[in-house]
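>>> Need coordinates for the following:
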Amino acid sequence: MSAQQTIEAAPARTRVANRTLPAWLTSAWAIDLAFVTAIAVVALVVRTYDLANYPYGIHGDEASTGLDGRKILDGVDLWPYTAAALGQPSGPMYWTTPFVAVMGSTIAAVRLPMALLGVGTVVLGFFALRELFDRPTAYIGAVLIAFSSWLIFYNRTGYTASAMPFTEFASLLAVALALKHRWWPWSVAAGFVVGAGIYGYYSYPLFALGLGVFVLVHWAIERPRPAIVHARNVLVMGLMALLTIQSMWPYITSDAVGYQHDRIVFAVSNTPEYKAADEAGDTGAKVDLYWENATNLSRTLLTEGIPDASDGSGTTAALDTVTVVIAGAGLGVCVLLAIRRRRAAYLLPLIIMPFVLFGPLWSQGGYHRRSLGLLPFILMAAAVLLGYVWQSLAEQRPSQRGILTALVITLLAGYGAINVERYFDAPRDQPVSRFVYSPELTHAANFIKDEPDDAKIYFASERWSINYETVQYLVPDKSSADGDLEDRSEQFAREGTRAGFEDLDRSRTAVIVLVGSYREQANALAARYPEAEVLDGPLADGQPSFVALRLPPQ
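Numbers count the residues shown, from 1 in each chain. This is a model prediction of the structure:
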């Protein structure tokens, strides 16, 4: 082949080589979708593995979510606010309803919907970070979200707190698209998404206020043109959000029920210590109470954890040390990039986090749950830092891009391993978790559910009534109202009903279920009723979770 023929043939060979992979496989969107699919599958596995047993048992607030789902199936209108679990928006209850319909009154039926919200949080987080920043930040951020032990904890329970980060990322994505495309239909859609978030979790209004401030900061920093069009779109967005929250408005403004009422009930200023200091005019004591609350909040989120008997959280700090360090440095990088690039998005963590912090700072207890809305912005700051460092080094050393990428992947894999281990080492083995999720009551309720329909159940526990939400949810076909269940404990026996087991209805099978300290009465009852079949429940802490005596009819 002549030199001229070689020169002419070279471009053809190059074109053949470039066609090795089809364009749709090498496009940015194809790669992004493949990544999102993979990370979503991983997030789903982490959130659903042995879901009914991690944590072990079921709390009454989780059961309340399922009970509301059953009410909705029965035609009861619970929109937009439910009194369950001391009051909360009913959006998650409606989301749970089809799962209860298909899966029945099971633990998984109330936990799987929240697990799926967690997977949705990962997906929405990726696309929100992609729109707000860039692809490397989105890739890193999605991994951080998927493996956060703080988020995994709530995604694997029936608590509705999982709705908070989900609605935050949904709103961020919607607003980012509306600001980017500057077309009023996008603003209508964004306003609807932002407004709809209020039906997810009671902390959401604080985030929404911060998001409104961000939109104004974006306007001031980036000066979108034409200004009149941008002003119109922002106004449309705001009006649509207000229209969407219309049905929730009475619950936002009322002191008797809803958001204001709940914040008053749980406020530091409503504690006996604060009221005593207030009556004494001791301002210093009141300040000390708020300072102690802030100290406890920082401890349980950042360093050591404070066990919380309301939901079993706090066995470890909400954030691992690596995340705390990277996110702290990331906040500083966010400020520098906002100034250097004149991009308001980098200020999002600094704008939103003070608003979300208001809730846990002014409220007592429940720190992990009330602060969960901080998580998207803590991880956003960490992702911005790692994404910026990754890109900067890769641009300076193109020949070492593969090595840098491998280092980033190794760091994220280590983060994932640490957080998965932090979660799965904690839920079943910690005393606070066993106390909160009460496996002994769960075992007893499942035993009662499996007893024949014509059996009369007599129940005794010093801690739970037979009408506790866990029993109501797990035992859907029996109730105290229809005479199938009766509490015979000294603590919860109904007025007019004797405690103890002397006067049982023996016209049908009678079953005595003893939980807690009442198990000690089993031998005496077996002696009184020698015809009874004595049954031990599954072991919990080395002893039967309950003892039951089944008496045949006479």
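>>> Could you list the low-pLDDT ranges of the stretch 1-150 of the chain?
1-26 (pLDDT under 70).
>>> all helices of it, in order?
3-18, 23-26, 28-48, 60-73, 91-103, 107-132, 135-147, 149-155 (DSSP state H, counting those that start in this stretch).
>>> Please identify the most buried of those helices.
Among the helices of the stretch 1-150 of the chain, helix 149-155 has the highest mean neighbour count (mean count of other CB atoms under 10 Å), at a mean of 27. For the C-beta atoms, the positions are set from N, CA and C on the backbone; glycine is no exception.
>>> Identify the residues contacting it?
46-47, 114-115, 117-118, 121, 145, 161-162, 165, 313, 316, 318-320, 368-369, 372, 375, 419-420, 422-423, 427 (CB atoms under 8 Å, 6 or more residues apart in numbering).
>>> Gly200: which of the helices of the stretch 1-150 of the chain is closest?
helix 91-103 (4.9 Å; CB to CB).
>>> Enumerate the positions of stretch 249-256 that are buried.
Neighbour counts over stretch 249-256 (16 or more other CB atoms under 10 Å) mark Tyr251 as buried.
>>> Restricting to C-alpha, output that stretch in CSV.
What follows is stretch 249-256, C-alpha atoms only, in CSV (Å, rounded to 0.1, in the frame of the first residue of the first chain):
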residue,chain,number,x,y,z
TRP,A,249,-54.0,25.4,56.1
PRO,A,250,-56.3,24.9,59.1
TYR,A,251,-53.7,22.4,60.6
ILE,A,252,-50.9,24.9,60.0
THR,A,253,-52.6,27.8,61.8
SER,A,254,-54.5,26.1,64.6
ASP,A,255,-53.1,25.9,68.1
ALA,A,256,-55.6,23.1,69.0
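>>> per-residue confidence averaged over that stretch?
Stretch 249-256 shows a mean pLDDT of 82.
>>> Give me the distance from that stretch to the chain's centre.
Put simply, stretch 249-256 sits 24 Å off its chain's centre (CA atoms, centre = their mean, to the nearest Å).
>>> which residues touch it?
Counting by CB under 8 Å, 6+ apart, 80-81, 198, 205, 245, 257-261, 264 sit against stretch 249-256.
>>> Show me what the helix or strand harbouring Leu336 is in contact with.
Using DSSP states H and E, Leu336 maps to helix 321-341. Helix 321-341 has contacts (CB under 8 Å, 6+ apart) with 144, 148, 221, 302, 319, 343-350, 378-386, 388, 414-415, 418.
>>> cool, and stretch 348-356?
132, 172, 203, 206-207, 209-211, 213-214, 217, 330-331, 334-335, 371, 373-374, 377-378, 380-381.
>>> ok, how many other residues are close to Glu490?
The local packing of Glu490 (other CB atoms under 10 Å) involves 11 other residues.
>>> Just give the nearest non-adjacent residue to Gly483, would you?
Excluding its sequence neighbours, the residue lying closest to Gly483 (CB to CB, 6 or more residues apart in numbering) is Lys456, at 7.3 Å.
>>> again with Ala532
Nearest non-adjacent residue to Ala532, counting by CB to CB, 6+ apart: Leu549, 4.2 Å away.
>>> that older thread, could you tell me which of the contacts of helix 321-341 belong to helices?
In this view, these that belong to helices under DSSP state H are 144, 221, 348-350, 378-386, 388, 414-415, 418.
>>> And the residue nearest the centre of the chain, how close does it get to Gln400?
The chain has Ser162 as the residue nearest its centroid, 2.2 Å off, counting by CA atoms, centre = their mean. Using CB to CB, to the nearest Å, Ser162 is found at 40 Å from Gln400.
>>> quick one: low-confidence parts of the chain?
The low-confidence ranges in the chain, as defined by pLDDT under 70, are 1-26, 261-262, 426-429, 495-497.
>>> ok so, going back, buried residues of the helix holding Leu336, list them for me.
For helix 321-341, by 16+ other CB under 10 Å, it's 323-324, 326-327, 329-331, 333-334, 337-338.
>>> circling back: now go through the contacts of stretch 249-256 and say which are in strands.
Counted as lying in strands by DSSP state E, out of those, are Tyr81.
>>> related to what we said a few turns ago, could you export the buried residues of helix 321-341 to a markdown table, including columns for distance to Asp288?
Listed next are the buried residues of helix 321-341 as a markdown table, based on distance: CB to CB, whole Å:
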| residue | distance to Asp288 |
| --- | --- |
| Thr323 | 30 |
| Val324 | 26 |
| Ile326 | 33 |
| Ala327 | 29 |
| Ala329 | 32 |
| Gly330 | 32 |
| Leu331 | 28 |
| Val333 | 35 |
| Cys334 | 33 |
| Leu337 | 38 |
| Ala338 | 36 |
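>>> any idea which of these is the one closest to Arg225?
Ala338 (19.9 Å).
>>> which residues sit against stretch 210-218?
171-172, 175, 179, 194, 224, 234, 237-238, 344-345, 347-348, 351-356.
>>> out of these, which are buried?
So, by 16+ other CB under 10 Å, the buried ones in these are 171-172, 175, 179, 194, 224, 234, 237-238, 344-345, 347-348, 351-353, 355-356.
>>> still on that earlier bit, write the PyMOL selection for whichever of the contacts of stretch 348-356 are buried.
To isolate the buried ones among the contacts of stretch 348-356 in PyMOL, judged by 16+ other CB under 10 Å, type:
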select buried, resi 132+172+203+206+207+210+211+214+217+330+331+334+371+373+374+377+378+380+381
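>>> follow-up on the earlier one: can you flag which of the contacts of stretch 210-218 belong to helices?
Per DSSP H, these map to helices at 171-172, 175, 179, 194, 234, 237-238, 348, 351-356.
>>> And stretch 486-494, how far out from the chain middle?
Worked out by CA atoms, centre = their mean, stretch 486-494 lies 35 Å from the chain centre.
>>> How about stretch 303-317?
Using CA atoms, centre = their mean, the offset of stretch 303-317 from its chain centre is 15 Å.
>>> begin at 32 from here
Shifting the count to begin at 32 puts that one at stretch 334-348.
>>> how about the CA coordinates for it, as PDB?
Backbone C-alpha positions of stretch 334-348 (Å, rounded to 0.1, in the frame of the first residue of the first chain) are rendered in PDB as follows:
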ATOM      1  CA  THR A 334     -20.300  12.100  68.100                       C
ATOM      2  CA  GLU A 335     -21.800   9.400  70.400                       C
ATOM      3  CA  GLY A 336     -25.500   9.000  70.100                       C
ATOM      4  CA  ILE A 337     -28.100   9.300  72.800                       C
ATOM      5  CA  PRO A 338     -30.600   6.400  72.900                       C
ATOM      6  CA  ASP A 339     -34.100   7.500  72.200                       C
ATOM      7  CA  ALA A 340     -36.900   5.400  73.800                       C
ATOM      8  CA  SER A 341     -39.500   6.900  71.300                       C
ATOM      9  CA  ASP A 342     -38.100   5.200  68.200                       C
ATOM     10  CA  GLY A 343     -35.000   3.200  69.200                       C
ATOM     11  CA  SER A 344     -32.600   5.600  67.400                       C
ATOM     12  CA  GLY A 345     -29.400   7.000  69.000                       C
ATOM     13  CA  THR A 346     -27.600   3.800  69.700                       C
ATOM     14  CA  THR A 347     -24.900   5.400  67.500                       C
ATOM     15  CA  ALA A 348     -24.400   8.900  66.300                       C
END
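>>> Now stretch 530-547: buried residues?
Neighbour-count burial for stretch 530-547, counted by 16+ other CB under 10 Å, picks out 532, 535, 540-547.
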